[in-house]
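*Asks:* would you be able to build a 3D model of this:
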Amino acid sequence: MKISAKTVPISKALSSTGKSMTIRGWIYRKRSSGGKSFAIIRDVSGTVQCVIDKAKVGEEEWGALDKAYLESSIIIKGKPRKDERAPGGVELDVEDLMVVHSGEQFPITEYQSAEFLMDVRHLWLRSQKMTNIMKARAFIFRYARDFMDKEGFFEVSPPLITNAGGETGASMFEVDYFGQKVFLTESSQLYGEAMVPVLEKVYTFAPSYRAEKSRTTKHLTEYWHLEPEAAYYNLDDIMKLQENLVSSVASKLAKDEDVLKALGVEKESLLKVKPPFKRITYDKAIDIIQQKGSKKKWGDDLGVEEERLLTEHEDKPIFVYAWPKELKAFYASINPKDERTVMAADMQAPHGHGELTSSSERVWVYDELIRRMDEVERAQGVKFDRKKYSWWIDLRRYGSVPHAGFGIGMERMIKWMLNLEHIRDAVPFPRLINRISP
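*Replies:* Numbering: from 1, shown residues only. From the prediction side, this is the model:
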């Protein structure tokens, strides 16, 4: 067989019978009995069981197959036929084959520890579970971009190296930049705001980095961050944009039934994610969790346990808004109805999957921004380097307008929508506080 033979996806072989076709993929499982071998071959579209008769393929091909380890790459020509006993209900009777690369014995077997699977992440990604998660991840990214584009937002490209923090700079990775101390960005918000007077409605879609020493199932040190900013949007507008984005992605993902079925996700759980989402004040959230036994009091932030208490019986996300100003960044506008709080909202995923988004009306008046920065410096003992923020402060001096924005961690959305136990499985190569390889 020539390696250039025209091939079809395995999914086509599963839907067609009676006609010879050529597939290519990797050996996922293999067993032999007498003069026959049964090999399950995988490609990105699916798996199919192939029946290889030694008498039909010849000594050389049979010998190459016999020596081939799992995950060897292979090209196979054969005729698919229905067989209810076979995985997928179809078997491929092999007429010819060529082992492209037999490699070495695959190091992953059944019942491996989570730590070992992280060590060989580059190989574990080939598992059916991870393959389907990576498909779903690609779909979710595509659906999110499609939604933002249809809403009239322009995607813009921010720098990932900065000398100014998104909030305080306290949780940022320091980098030596030709002898100058700079940081990996924790948020592209400031650069998104700079594009508002240019394009009015914009979004950045890029990695963000957080040097938080968190070991929870929802924290990564490097993650993908979708961050819209929009002129003349208020908090209500930006909350509606968030719930429409999330519901749009969920409804489209619900149509990817093969992937969801492989991951044990009921599409009905995604179809329930329809606007409007429940909205509760921070005050109400504290009341709810206190009634459930929490010791948290007004002014405390919500942790993993409090998020679980709030959302354990919810089927779709909820918003918590009107947060104490001490818990939110200096650029969040003060609530005119209660100056202890700011015009900010967090979206919490259902069933305890945690915070998905953080949003606010931005301080857009120059004098108010300076007062807020001064206030935070006095209250929290931090010091903003005004020179490093000067370009961003300038935005309030030249043609400023009211605006609002939010950020959503894409891996958190993936974790929730696929009901994953740990966020590390929502990204191909996770970066955790104890994991930088592979």
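*Asks:* okay, CA-based contacts and neighbour counts for the rest of this
*Replies:* Fine.
*Asks:* His39 touches Gly25, doesn't it?
*Replies:* Let me fix one detail, which is that residue 39 is Ala and not His. No: with contact defined as CA atoms under 8 Å, Ala39 does not reach Gly25; the gap is 11.3 Å.
*Asks:* which other residues reach the longest helix belonging to the chain?
*Replies:* Longest helix in the chain, counting residues (DSSP state H): helix 128-150. Helix 128-150 has contacts (CA atoms under 8 Å, 6 or more residues apart in numbering) with 44, 124-125, 154-155, 203, 245, 248-249, 252-253, 259, 262-263, 410, 414, 418, 425-428.
*Asks:* just the CA trace of it, in PDB.
*Replies:* Extracted in PDB, the C-alpha atoms of helix 128-150 (Å, rounded to 0.1, in the frame of the first residue of the first chain):
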ATOM      1  CA  GLN A 128     -10.800   9.100  24.500                       C
ATOM      2  CA  LYS A 129     -11.700  11.300  27.500                       C
ATOM      3  CA  MET A 130      -9.100  13.900  26.800                       C
ATOM      4  CA  THR A 131      -9.700  13.800  23.000                       C
ATOM      5  CA  ASN A 132     -13.400  14.600  23.500                       C
ATOM      6  CA  ILE A 133     -12.700  17.300  26.100                       C
ATOM      7  CA  MET A 134     -10.300  19.000  23.600                       C
ATOM      8  CA  LYS A 135     -12.900  18.800  20.900                       C
ATOM      9  CA  ALA A 136     -15.400  20.500  23.200                       C
ATOM     10  CA  ARG A 137     -12.800  23.100  24.200                       C
ATOM     11  CA  ALA A 138     -12.300  24.000  20.500                       C
ATOM     12  CA  PHE A 139     -16.100  24.200  20.000                       C
ATOM     13  CA  ILE A 140     -16.600  26.400  23.100                       C
ATOM     14  CA  PHE A 141     -13.900  28.800  21.900                       C
ATOM     15  CA  ARG A 142     -15.400  29.000  18.500                       C
ATOM     16  CA  TYR A 143     -19.000  29.500  19.800                       C
ATOM     17  CA  ALA A 144     -17.800  32.300  22.100                       C
ATOM     18  CA  ARG A 145     -16.000  34.200  19.300                       C
ATOM     19  CA  ASP A 146     -19.000  33.700  17.000                       C
ATOM     20  CA  PHE A 147     -21.300  35.300  19.600                       C
ATOM     21  CA  MET A 148     -19.100  38.300  20.300                       C
ATOM     22  CA  ASP A 149     -18.600  38.900  16.500                       C
ATOM     23  CA  LYS A 150     -22.400  38.700  15.900                       C
END
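*Asks:* any buried residues in that helix, and which?
*Replies:* Within helix 128-150, the residues that qualify as buried are 128, 130-134, 136-137, 139-141, 143-145, 147-148, counting by 16 or more other CA atoms under 10 Å.
*Asks:* how far off centre is that helix?
*Replies:* 8 Å (CA atoms, centre = their mean, to the nearest Å).
*Asks:* which stretches of this protein have low pLDDT?
*Replies:* 1-5, 165-170 (pLDDT under 70).
*Asks:* tell me how it divides into domains.
*Replies:* 10-101, 119-426 (automatic domain parsing).
*Asks:* start and end of the first one, how far apart?
*Replies:* Between the opening and closing residues of domain 10-101 lies a distance of 19 Å (CA to CA, to the nearest Å).
*Asks:* need phi/psi at the residue lying farthest from the centre of the chain.
*Replies:* The outermost residue of the chain relative to its centre, with distances by CA atoms, centre = their mean, is Ala55 at 48.7 Å. Phi and psi for Ala55, reported as degrees, to the nearest 10, are phi -70, psi -20.
*Asks:* what residues are up against it?
*Replies:* Gly35.
*Asks:* gap between it and Lys67?
*Replies:* 17 Å.
*Asks:* kindly report the same for Leu117.
*Replies:* 25 Å.
*Asks:* any chance of the backbone angles for Asp256?
*Replies:* phi -90, psi 70.
*Asks:* and for Asp346?
*Replies:* For Asp346, the backbone dihedrals (degrees, to the nearest 10) come out as phi -110, psi 140.
*Asks:* how close does it get to Ser360?
*Replies:* 9 Å.
*Asks:* neighbour count: the two, which is higher?
*Replies:* Ser360 (30 against 24; other CA atoms under 10 Å).
*Asks:* partner strands of the helix or strand hosting that one, parallel or antiparallel?
*Replies:* Secondary structure from DSSP states H and E places Ser360 in strand 354-361. Strand 354-361 sits in its sheet next to strand 341-349 (antiparallel), strand 403-409 (antiparallel), going by DSSP bridges.
*Asks:* same for the next helix or strand after it, what does it pack against?
*Replies:* Under the assignment DSSP H and E, the closest C-terminal helix or strand after strand 354-361 is helix 366-380. Using 3 or more CA pairs under 8 Å, 6 or more residues apart in numbering; DSSP states H and E, no helix or strand is in contact with helix 366-380.
*Asks:* residues of the helix or strand following helix 366-380 that come out buried?
*Replies:* Later in the chain than helix 366-380, the nearest helix or strand by DSSP H and E is helix 390-394. Neighbour counts over helix 390-394 (16+ other CA under 10 Å) mark 392-393 as buried.
*Asks:* now do stretch 285-303
*Replies:* 285-286, 289, 299, 302.
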